[in-house]
Structure formats: C-alpha cells, structure tokens
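Engineer: Please find the sequence and the predicted model below.
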Number of protein chains: 2
Amino acid sequence: MKETTLKEIAETLGISITTVSKALKNYSDVSEKTRKAVYALAEELNYTPNSFAVNLRTKESKTIGLIIPEVVHHFFSNVINGIIAEAEKNGYLVIILQSNESLELEKKQVALLINKRVDGIIMSLSNESNNDFHIKEILRKEIPFVQFDKISKLIPSSKVIINDQKAAMEAVQHLIDKGCKKIAHIRGLENPQNSIDRFIGYKKALEKNGIPFDPKLVYACKSITFEQGVVFAKQIIEDDLGIDGIFVITDLVAIGVLAHFNEIGIQVPGQIAIIGFSNWFVSQVISPKLSTVDQPNYEMGVAAFGLLLEEIVCRKNGKPFEPKIVELGTSVIVRESTLKK
Amino acid sequence: MKETTLKEIAETLGISITTVSKALKNYSDVSEKTRKAVYALAEELNYTPNSFAVNLRTKESKTIGLIIPEVVHHFFSNVINGIIAEAEKNGYLVIILQSNESLELEKKQVALLINKRVDGIIMSLSNESNNDFHIKEILRKEIPFVQFDKISKLIPSSKVIINDQKAAMEAVQHLIDKGCKKIAHIRGLENPQNSIDRFIGYKKALEKNGIPFDPKLVYACKSITFEQGVVFAKQIIEDDLGIDGIFVITDLVAIGVLAHFNEIGIQVPGQIAIIGFSNWFVSQVISPKLSTVDQPNYEMGVAAFGLLLEEIVCRKNGKPFEPKIVELGTSVIVRESTLKK
DNA sequence: AATATAATCGAAAACGTTTTCGAAATTACC
DNA sequence: GGTAATTTCGAAAACGTTTTCGATTATATT
C-alpha cells in the first residue's frame, strides 16, 4: 500500500518538492498555472499529507487528551460529547483515558499523554487527586491544561465549573419552600471540591432560614453508588429523626434512596421529599420523577475545549497565558419527588 | 521548553546517536558499560522519545480510532470502557469519534482517522450505513478493521457480535413461558442488522410455539427513544388488540412504554408483561424492574480490541489476514416486569 | 537597451528517530 | 606475533514534511 507523497507529485510534474508543498498550501509565490496542475494531480493521486511527518515538522499533533474518572457515567459521557464535537469543529481529535478514580492510574494516564505529545489536556480529577507532581509536571512543561467539574483550586489553570455552593443552596431552599422542616444531607466523599461546596451550600441555606445545623442529619457517602443510597435510606428510617426532606449529592445515590423508600412504602414526597443533583437521565423516568439540579454537561465540554484552544493558540504565538475561569449556570428542576402541596 | 533528545545524550556522553538509541533499546551490540551510562543520563535528563519522530520512522502511531453512533449511551459507553482498558494494556491509545447516526458524518470521521494514520479502526455502524465507499476504502488500504454490535454482514472484516436472533427468541420464549398469549413486538429501524435479527427471532419463537404471526402486532420505531415508547404505549392501548406481552427492541424504548402504562394505571406485568433488550442500568432502578436481555458490553469492547490487535500484528508481519468473528453469549434477566405467576 | 522591480522557483536544512552495514577495537587461538 | 573470531561502535540514509533564503526568470520603468 504505497501512499502518494509530495516527492511523487513533484517528480511526475517535473518540479521541486518545495513548490508542490507551497502550491498545496496556497503560498503566493507559486504561479496559478503550476498551482492548478499540482492540485489536479494531488486530487487524482488521492494525496493526503503524511500526518506523522507534519507532526514532526510542526511540533503539534492536532490531538488533545481527556482524562476523566469514568466513561460510563451520564454526566461525563455528555461532557465527552461536547468536547469531541467542539474539538472536531476546530480540527482536533480527542484521546480519552480513564482514571477509574485512582490516583495511581491518573498519574500514568498523564504520563501517557505527555509522552504522546498531545497539544493539550482536559481533565476532571479523580477523588484522591490534588495538586500532585503529575499535575505540576503538566504546568511546568507549559502544556495547555484545563480542569472541569472535579477541580483543585490549588492548581493554577483554566477551569470550567459550576457554582456548587449556590446550586446546593438553591436546592435546599427549594425543600424549605416546600415546607420541609428537618432536612438531611447525603454528602459526597471528603476530598472532592464539589462535595465540600455542596455541603457548605446546604449549611448556608439552613442558616439563611434560621434552621440550626445538626451534624446528625449529615450522611457521608463511602462510594457514589445506587447501593449507597439504599444503605442510607435504611439508616435514615432506623435513625428515626423526623427527617422530612433530603438533599443528595447526586442523582444516582438519590434514586437508591428513592428505590428503598418505594419498596418499604415510605411516601415520596408525602413523608419525605428528595432532591438530587446533576439531572441524570434516569431521574425523569423513575417514579416518582426525581427533582434535581441541572448542570449544563454538553456546554461544559464545549467551554472546556474553548479554553484549551485559547491557551494552545496563545502559547503557539509565544505569549504568556493567563488562566481563565468559566462558571456555568445551574437550575433547580422541580419534578415529583419534592412536590408537596 | 527544550526536550532532551538522543543527540543531546550522545554529545554529553561523547558517543554517537546510534549507540544511544541502541543502548536504550537494549541492542546486543552495545557494551554493558555504555548501556548503563546511557540509561543513567537518560534518567537524569528525563528523556522520553519524541513520538512524532518515532511514528514517522516506524510508520505506526500506536493509536486506534473508534467510531460509534453516540457516546451518551449506556451500551456504547460500556464498550468504550472495555476498548480503552484493553488498548491501554497493550500500549495503544484510543481516539473516539461520533457519527451521530449520520452517514455523512460517519464518512467524515473515517476520513479523519485514515488521515491521522491510526493503526486500526473499530466501528459500530450508524443506522443508515452499509457497505459504502468509505468502508471499502478502509479495506482497500488494508487498515485493520473490526466491526461490533451494529455491523454489516456484507463487509468482510472481523466482527464482534451477539446472536440477536437467538437472544430475541429466548426473550419471547420467556414471555410465552410466563403465559402470554398475544405478544407484540416493538421493533427497531428497518436497516440495522440487529433490528432485523431480533424481529426474525421474535417470529421464530412464535412459530416454534405454534402461535400465528400477526403483522398488526408489530410496531416499528421511527427513533430509538423514550418518547417513542410512550407513543407506542398509547397506540397499543388505543388499538386494543388484547396484547398481554411486549418484546421491545431495547430497554430505553421499553421504559417509555412502562412509564406510560404506570401513568394510566395499566398493571405490569399483571395485564401486560414487558421485556426489553440490552440491560441498561435504568432497568434495574425503575418500578417495576424491567426484565431484559443482558449482553456483555465491556467484554465486547475487550474482544473488539483483541481482534484488531491480531490483525495489526498479522499485517505488520506482512502476512495475509483472515477475518474472525467472535460471538458473545447473552442471557435473559428476569425481573419484575414479566413476573406473572 | 539597460536597469529596477516583481514574480516564480528550488536547494537545503531541519524535525528526531531507527536501522543497515561496514569499520574499528578487542579478544581468542595457534 | 600473526591471523581469525568476536565485540563494540558510528556514518549515513531514510521517514515526509515545512520553511528560509537565495537564484532565476519575467515584467515594468526609464
């Protein structure tokens, strides 16, 4: 399978490789006549530039890397979608790697991408990750870098985020508005920024409404799973603290809670109202439909690539780059699980 | 940001580039002494080979392409997972592109990957796609190629599939075993192979049990969506044909049906039993839990990469390659939606 | 017709690696 | 001490492109 090269075109046309190359890139110092001839022959021979050679010469691969905790995840797969679409629109391809929420694996993935000499990296940190060496290495090498969703505030890079505190406050406020008096919070893991911020938002909402904060009403997830939701649902019934509303870190856990309540006959929202976070697809097809906080997944991906491209272009021109932060809006989606009258 | 090169190591050590290269690759014609020295300095200078140069020289990128109809999809995201994991294990990275079920886009994506000179392509066809020019081009260029899930039997390449006919038969047989007398089928689009095969399986199961096939009981999806399920649920009630069991092309549509039946008070499985296909995650968290056919998603990805790698290795050694077909097993998962006593 | 200006071309270096093949240095052997 | 065998090394070509800069040719200006 012989691929046509510039050399081949040059030889059959009796001109130099230089001229062929310049003709194809529409340089001004090649005559209309030869330009047309080159284009015609290139078309005929089905010429496509050898990207390996182009990469080597231009020192860029027109490829970016994406590292996320997990692919099989409604939120992340939507973000992937946005990134791929926007990247392609700008002539970039996307290599996707998974950290599986493991710091070790994340380090390895970063190394792989640096080795591959991608033009930039977009990343959502794994739970254990923070401002570690592998991240510092990305910055030291001045590889364009954007964080989204699960970020570390300590890392000076561009970021695409939502205002988790504000969003959580609004969710809890919604429960209060619907008449909930004793609101529990099923929070996320200890480390992740969004887990912390949503917890803070929960407390702020209580405070704002003059409701005393009670640490006994906070349940901390060991894992973000459906099963974890079931476990805490049981726990909440057992604890019997008079809880009438629950704000859950994410929809997946919330539907675990919901499923158990359904099973044992607890009325939702009658006895206990539930609101989740992230607006997973399943939330609108279960019964009762789960109220939640919508965050713009696809747009997050688009924004992330946008920021990355800005940095890529800026650095290519040798200018220093100033990281930017894009904050996208969220909204409470009211469905059946909080619809007390 | 100067990267260390072989040249640099060679100069500071006072030896040739050749020797450095060979030392790092443990060639036998370099003495233990210089080998150690090279390794030490390479380590110290944090040397990593320039992959652009390696690609150009070796004519391979250690990167494969993956084209799927959509990323945000429980089945496909699981397959992606399997492919990425297996690829990484073997030193390959994965570029993912989406066809959005559009033939035009699919052609463009194929062109992009060929241009990028990936070492191989794994693909699940879009609905409109068949044995078109862009696919023939892959084969003509002898680019290692594997189809999975939505395949075309006309394309002579390796394939990873399930036995859709057999799986569908088992699903319908299950409905019959549970006492269903009048079984409808909500089938997929006209074109896709798995849609056709599941329909055939449905008919065969009826035939095997002496139940006459009635085309009025077949509803053909215009799109594979939740909403399509709702539409057909209404239709089925309106038609009032005494249907007591439904075999649905895929879970997403099935839960649309289920949601509407729940809403208007049709008992599932009491009045109508429902079985879906593909074992989506949501099927186990809705009420009633949806019976379905499980197909091994992750394993499909692993198998697909395995076949691709076989072809890559084979072709690299200049041997002719004989396409292989891997058929993975499925199983009926019995949950609440078919649990008539 | 001579000179100045503009248009068109190509030689060559460079990107960083891999690999072939021959040369040099070392060791073994009689 | 001379030859043969073995070990160790490096020059050079090759992969295919991009770009600089000088050379050549054609056109414009007096």
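Structural biologist: Happy to help now that I have it.
Engineer: can you tell me which residues contact residue A:12?
Structural biologist: Counting by C-beta atoms under 8 Å, 6 or more residues apart in numbering or on different chains, residue A:12 touches residue A:41. Just so you know, the C-beta spots here come from the backbone N, C-alpha and C atoms, and that holds for glycine as well.
Engineer: swap the cut-off to 10 Å and go again
Structural biologist: A:4, A:41, A:44, A:45 (C-beta atoms under 10 Å, 6 or more residues apart in numbering or on different chains).
Engineer: Would you agree it falls within a strand?
Structural biologist: No. Counting by DSSP: H, G, I helix; E, B strand; the rest coil, residue A:12 is not part of a strand but helix.
Engineer: got the residue ranges for the strands in the stretch 201-341 of chain A?
Structural biologist: Assigned by DSSP state E, counting those that start in this stretch, the strands in the stretch 201-341 of chain A fall at A:218-220, A:245-248, A:273-275, A:292-294, A:325-328, A:331-333.
Engineer: Would you mark the buried spots in the fourth one?
Structural biologist: What it means is strand A:292-294. Neighbour counts over strand A:292-294 (16 or more other C-beta atoms under 10 Å in any protein chain shown) mark A:292, A:293, A:294 as buried.
Engineer: Which residue, neighbours along the chain excluded, lies closest to residue A:46?
Structural biologist: Leaving aside its chain neighbours, residue A:46 sits nearest to residue A:4 (6.6 Å; criterion: C-beta to C-beta, 6 or more residues apart in numbering or on different chains).
Engineer: State the distance from that neighbour to residue B:115.
Structural biologist: Distance check for residue A:4 against residue B:115: by C-beta to C-beta, to the nearest Å, it reads 13 Å.
Engineer: pLDDT of the helix ranked longest in chain A, averaged?
Structural biologist: Ranked by residue count and defined by DSSP state H, the top helix of chain A is helix A:297-316. Averaged across helix A:297-316, the pLDDT comes to 96.
Engineer: Take the strands of the stretch 201-341 of chain A and write them to CSV, including mean pLDDT.
Structural biologist: Compiled in CSV, these are given as follows (pLDDT from 0 to 100):
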stretch, mean pLDDT
strand A:218-220, 98
strand A:245-248, 98
strand A:273-275, 98
strand A:292-294, 98
strand A:325-328, 97
strand A:331-333, 97
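Engineer: looking at these, which is closest to residue A:300?
Structural biologist: strand A:325-328 (6.1 Å; C-beta to C-beta).
Engineer: Show me how far that closest one is from its chain's centre.
Structural biologist: 12 Å (C-alpha atoms, centre = their mean, to the nearest Å).
Engineer: Could you list the low-confidence segments of chain A?
Structural biologist: For chain A, the stretches with pLDDT under 70 are A:1, A:341.
Engineer: Tell me if I am right that residue A:61 is in a strand.
Structural biologist: No. With three-state DSSP as the criterion, residue A:61 is located in coil rather than a strand.
Engineer: ok, residue A:287 touching residue B:260?
Structural biologist: No. Using C-beta atoms under 10 Å, residue A:287 makes no contact with residue B:260, being 11.6 Å away.
Engineer: The two: which is more packed in?
Structural biologist: Just comparing residue A:287 and residue B:260: by other C-beta atoms under 10 Å in any protein chain shown the higher neighbour count belongs to residue B:260, 20 against 17.
Engineer: The more buried one is in contact with residue B:236, isn't it?
Structural biologist: Yes. Residue B:260 sits in contact with residue B:236 when judged by C-beta under 10 Å, with a separation of 9.2 Å.
Engineer: Now the common contact residues for these two.
Structural biologist: Listed as contacting both residue B:260 and residue B:236 by C-beta under 10 Å, 6+ apart are residue B:266.
Engineer: list the contacts for the closest residue to DNA strand D within the stretch 101-250 of chain A?
Structural biologist: Here the stretch 101-250 of chain A gets closest to DNA strand D at one residue, residue A:117, 14.5 Å apart by C-beta to the nearest atom of the strand. Residues counted as contacts of residue A:117 (C-beta under 10 Å, 6+ apart) are A:55, A:59-61, A:63, A:65, A:141, A:143, B:3, B:48, B:50-52, B:55.
Engineer: Filter those down to just the ones in strands.
Structural biologist: Among those, the ones falling in strands (DSSP state E) are A:63, A:65.
Engineer: The stretch 1-150 of chain A: helices as residue ranges?
Structural biologist: Per DSSP state H, counting those that start in this stretch, the stretch 1-150 of chain A carries helices over the ranges A:6-13, A:17-24, A:32-44, A:51-58, A:74-89, A:103-116, A:133-140.
Engineer: winner for burial among those?
Structural biologist: Neighbour counts (mean count of other C-beta atoms under 10 Å in any protein chain shown) averaged over each of the helices of the stretch 1-150 of chain A peak at helix A:74-89, with a mean of 22.
Engineer: That helix versus helix B:103-116: what angle between them?
Structural biologist: Helix A:74-89 runs at 70 degrees relative to helix B:103-116, counting by axes from the mean of the first three to the mean of the last three C-alpha atoms, to 10 degrees.
Engineer: Could you give the number of residues near the closest residue to residue A:335 other than its chain neighbours?
Structural biologist: Of all residues not flanking residue A:335 in the chain, residue A:289 sits nearest, at 3.9 Å (C-beta to C-beta, 6+ apart). Using other C-beta under 10 Å, residue A:289 has 19 neighbouring residues.
Engineer: Could you do residue A:30 as well?
Structural biologist: For residue A:30, the count of nearby residues is 19 (other C-beta under 10 Å).
Engineer: Around DNA strand D, pick out the residues from chain A.
Structural biologist: Chain A has residues A:3, A:5-7, A:17-18, A:21-22, A:24-25, A:29, A:47, A:49-50, A:52-54, A:56-58 near DNA strand D, with proximity defined as C-beta under 7 Å from any atom of the strand.
Engineer: Check those residues one by one and keep those near chain B.
Structural biologist: Contacts with chain B within those, counted by C-beta under 10 Å from any C-beta of the partner chain: A:3, A:49, A:50, A:52, A:53, A:54, A:56, A:57, A:58.
Engineer: Output these in CSV, with distance to DNA strand C appended to each entry.
Structural biologist: As requested, those are exported to CSV (distance: C-beta to the nearest atom of the strand, whole Å):
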residue, distance to DNA strand C
A:3, 16
A:49, 13
A:50, 11
A:52, 9
A:53, 7
A:54, 9
A:56, 4
A:57, 4
A:58, 8
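Engineer: nearest to residue A:97, of those?
Structural biologist: residue A:52 (21.6 Å).
Engineer: wait, doesn't the closest one sit right on residue B:50?
Structural biologist: No. Using C-beta under 10 Å, residue A:52 is not in contact with residue B:50, being 11.3 Å away.
Engineer: Between the two, which contacts overlap?
Structural biologist: Both residue A:52 and residue B:50 are in contact with residue B:56, where contact means C-beta under 10 Å, 6+ apart.
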